[in-house]
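In: give me a 3D structure for the following:
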Amino acid sequence: MAGMSTQEDNDPQRFRWLAEGNARQARKRVSAKAVICDEDGRILLVNPTYKQYWDLPGGMAEVNESPIAAAVREVAEELGFTAQISGLLLVDWVAAHGPWDDLLVFIFDGGKVGEEDIRRMSVTDEELSEFAFFPLGAAEARLRPDMWLKLCRAVEAKRVGAVSYEEFRQSQTE
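Out: Prediction:
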């Protein structure tokens, strides 16, 4: 049971053995993003300075940071806004490609924001040049094709109330 200590947990030799095993375990990169809409249903996109395409707000999780905490932190760092995460919409595994190891992508429902929230948003991270809200159809021209598909799946997941999961091989992400 969680929170209960056993004699085994207090054995320093066993603890060292477990720690050595943990150090050899694979590590996964984790990306956490949020679908945030305005009152008209338009979707918030951000324009990174280091990418060709726009993206959903969010970014990479830090060591030992949960995906939700990463999404909230990244949105706050990027836009000075505290996202209200209400649930998971999508999880994707993306195979290793180029210089990158494989990746787990989490996309959360960041809810709806009103005009007052939008007025308080501003670009607060040099990794972004701007942000804007777009109707779903207009987002397609701004997003990388794989992110466009993720966004469509996330919107559908929200509509039907079920989390979407996919696995993308290298050829699907380039």
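
In: any weak-confidence spans in this structure?
Out: For the chain, the stretches flagged by pLDDT under 70 are 1-9, 22, 170-174.

In: quick one, helices of it?
Out: All helices of the chain, identified by DSSP state H, fall at 12-24, 67-79, 115-120, 136-139, 145-160, 170-173.

In: can I get the fifth one in CSV? Just the C-alpha atoms.
Out: Listed next in CSV are the C-alpha coordinates belonging to helix 145-160 (Å, rounded to 0.1, in the frame of the first residue of the first chain):
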residue,chain,number,x,y,z
PRO,A,145,1.1,18.6,-40.2
ASP,A,146,1.6,16.1,-37.3
MET,A,147,0.6,18.8,-34.7
TRP,A,148,-2.5,19.6,-36.8
LEU,A,149,-3.6,16.0,-36.6
LYS,A,150,-2.9,15.9,-32.8
LEU,A,151,-5.0,19.1,-32.4
CYS,A,152,-7.9,17.6,-34.4
ARG,A,153,-7.8,14.4,-32.4
ALA,A,154,-7.6,16.4,-29.1
VAL,A,155,-10.7,18.5,-30.1
GLU,A,156,-12.6,15.3,-31.1
ALA,A,157,-11.5,13.7,-27.8
LYS,A,158,-13.0,16.6,-25.9
ARG,A,159,-16.2,16.4,-27.9
VAL,A,160,-16.7,12.7,-27.2
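
In: residues of it that come out buried?
Out: 146-155, 157-158 (16 or more other C-beta atoms under 10 Å). For the C-beta atoms, the positions are set from N, CA and C on the backbone; glycine is no exception.

In: and if you look at stretch 26-46?
Out: 30-38, 42-46.

In: got CSV for those residues, with distance to residue 113 too?
Out: Listed next are those as CSV, based on distance: C-beta to C-beta, whole Å:
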residue, distance to residue 113
30, 24
31, 22
32, 18
33, 16
34, 11
35, 11
36, 6
37, 7
38, 6
42, 10
43, 11
44, 8
45, 13
46, 14
